[in-house]
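S.K.: Below is the sequence, then the predicted model.
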Amino acid sequence: MRNPFKSSSKESKTQSTKSENNHKSEHKVCVICKNSATEDNQVNWKRIWFCKKCYETLNFNLDDNCIKLSNNEILFQSVFANGMCPIPSTILERLEKSPDFSPLIKRTKYFAVDRVLGYLHLETAYKKRITKWSYGTNKEIWDDFDSGYTAQFSLEYNDAKLRKIIVGILRDHGFGCLVSEYGALGHKNEDFPTSEGIEKLIESITTAINQDELSYNQPDWIKKSTGNS
């Protein structure tokens, strides 16, 4: 499956700590085709940029929380109403000036962002079919699901509140979920899964996300972790 966040490099994440103005200017690139969205050829969807061609192709409402990219893919985002917000993320890195073979250490790093993008993908899983998952890193998980529908969503950053909302919506639709920092894997049993079934699930999940409130102030869990008042 296509995962827009899997291939993001450490360098690209470091760029997110720049000033608010630089942060916004970096995103004047169409999130779909990756081409530059010039001033006369750009559409702003809650701080995310599209070129007019992609916007007209997708035909979505700028007030929506999510966009249906295809019959089995959704792009969604949360927005911090009070501007830039520090998002804690767990990273692995080597001690400074240590050789390449030195042990990796785990630490928390904060990325200053004003919104968090998410991507959700559904597919059919038939009995005895081995399913391969990308888990937001350079590693993959293989699993043998019963027949039904499998779901994966990944987040650009570790936003616990957004993750909880999307997991809740999936569980309301009958998915059991295995949750990680940057998303979740889910499965819903169905004897005879079909592409039509996926389309209905995508429509229902899209409606549920659009009915939720994904614009909120700096969450309490971030205030506590950073010591902000």
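M.R.: Here it is on my side, so go on.
S.K.: For the rest of this, base every contact and every neighbour count on C-alpha atoms.
M.R.: Noted.
S.K.: ranges for the helices of this structure?
M.R.: Using DSSP state H, the helices of the chain run over 10-14, 20-26, 52-58, 160-172, 195-211, 220-226.
S.K.: Averaged pLDDT, the shortest one. What do you get?
M.R.: Along helix 10-14, the predicted confidence averages to a pLDDT of 41.
S.K.: Strands along this protein, start to end?
M.R.: With DSSP state E, the ranges of strands along the chain come out as 42-45, 48-51, 66-70, 73-80, 85-94, 104-113, 115-125, 129-134, 140-145, 148-155, 176-180, 183-189, 215-216.
S.K.: Of all the ones you listed, which one is nearest V29?
M.R.: The closest approach between V29 and any of those, judged by Cα to Cα, belongs to strand 48-51 at 6.0 Å.
S.K.: neighbouring contacts of the closest one?
M.R.: Here strand 48-51 makes contact (Cα atoms under 8 Å, 6 or more residues apart in numbering) with 27-32, 35-38, 41-44.
S.K.: That strand: partners in the sheet, and parallel or antiparallel?
M.R.: Counting by DSSP bridges, the strands paired with strand 48-51 are strand 42-45 (antiparallel).
S.K.: Considering the contacts of strand 48-51, which is situated nearest to G118?
M.R.: Among the contacts of strand 48-51, V31 lies closest to G118 (Cα to Cα), at 11.9 Å.
S.K.: So what's the residue count around the closest one?
M.R.: Residues lying near V31 (other Cα atoms under 10 Å) number 17.
S.K.: for F153, same thing?
M.R.: Residue neighbour count, defined by other Cα under 10 Å, stands at 25 for F153.
S.K.: give me the beta-bridge partners of the nearest residue to it once chain neighbours are set aside?
M.R.: Counting by Cα to Cα, 6 or more residues apart in numbering, L120 is the residue found nearest to F153 once chain neighbours are left out, at 4.1 Å. Per DSSP bridges, the residues bridged to L120 are I74, F153.
S.K.: Then S70?
M.R.: Counting by DSSP bridges, S70 forms beta bridges with E73.
S.K.: Make 788 the starting number, not 1.
M.R.: Yes, from this point I'll number from 788; that puts the last item at S857.
S.K.: which of the residues in stretch 816-830 are buried?
M.R.: Using 16 or more other Cα atoms under 10 Å as the test for burial, stretch 816-830 gives 816-818, 823-824, 829-830.
S.K.: Out of those residues, the closest to C841 would be?
M.R.: Among the buried residues of stretch 816-830, and counting by Cα to Cα, the member closest to C841 is C817, at 8.0 Å.
S.K.: Quick one: residues contacting that closest one.
M.R.: Neighbouring residues of C817 by Cα under 8 Å, 6+ apart: 823-824, 829, 836-838, 841.
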